[in-house]
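In: fold the following, please.
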Amino acid sequence: MGSLAGSMSFISPLPVTKMYKVLLFISLMCVMGCSKADRAAIFAIGSKHRITLYSGGIAVRSWVSSGKIENEDRSDGYYFQDDATGKLIRVSGQILIEQE
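Out: Numbers count the residues shown, from 1 in each chain. Now for the predicted structure:
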């Protein structure tokens with residue numbers, strides 16, 4: 001029986017260091033092909049956001065999401081889980097969404 005490092009060469013056609021470089025190159029190419037806004041959106045997934053509801057230009061309600069915020073299908077609304085209560089919140093109208 002060989003060592004684990006010796007058996008890795010049978011699993012992968014590329015040495016581990018070369019495979020790492022190939023994956024790193026592919027990852028960098030994907031990230032570099034995105035705009036700064038696209039990258040910010042990708043890295044914001046799963047992080048907390050503050051959602052503020054406005055009426056007549058005045059903030060009337062505010063929540064912090066526990067993670068991802070989703071768009072409603074065929075609607076101008078959003079839904080998310082409130083971090084404080086754990087409840088599902090659905091909102092539409094004048095909304096400001098900011099990453100915490």
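In: quick one: the helices in this structure, in order.
Out: Using DSSP state H, the helices of the chain run over 4-11, 16-32, 36-44.
In: where in this protein is the helix or strand with the lowest mean pLDDT?
Out: helix 4-11 (a mean of 52; mean pLDDT, DSSP states H and E).
In: could you list the domains of this protein?
Out: For the chain, automatic domain parsing gives the domain ranges 4-33, 46-99.
In: looking at the ones you listed, which one is packed in the most?
Out: Mean neighbour count (mean count of other Cβ atoms under 10 Å) peaks for domain 46-99 among these, with a mean of 13. Where C-beta positions appear, they are placed from N, C-alpha and C, glycine not excepted.
In: how about Lys48, nearest residue that isn't a chain neighbour?
Out: Glu100 (4.2 Å; Cβ to Cβ, 6 or more residues apart in numbering).
In: mind listing what that neighbour touches?
Out: 47-50, 64 (Cβ atoms under 8 Å, 6 or more residues apart in numbering).
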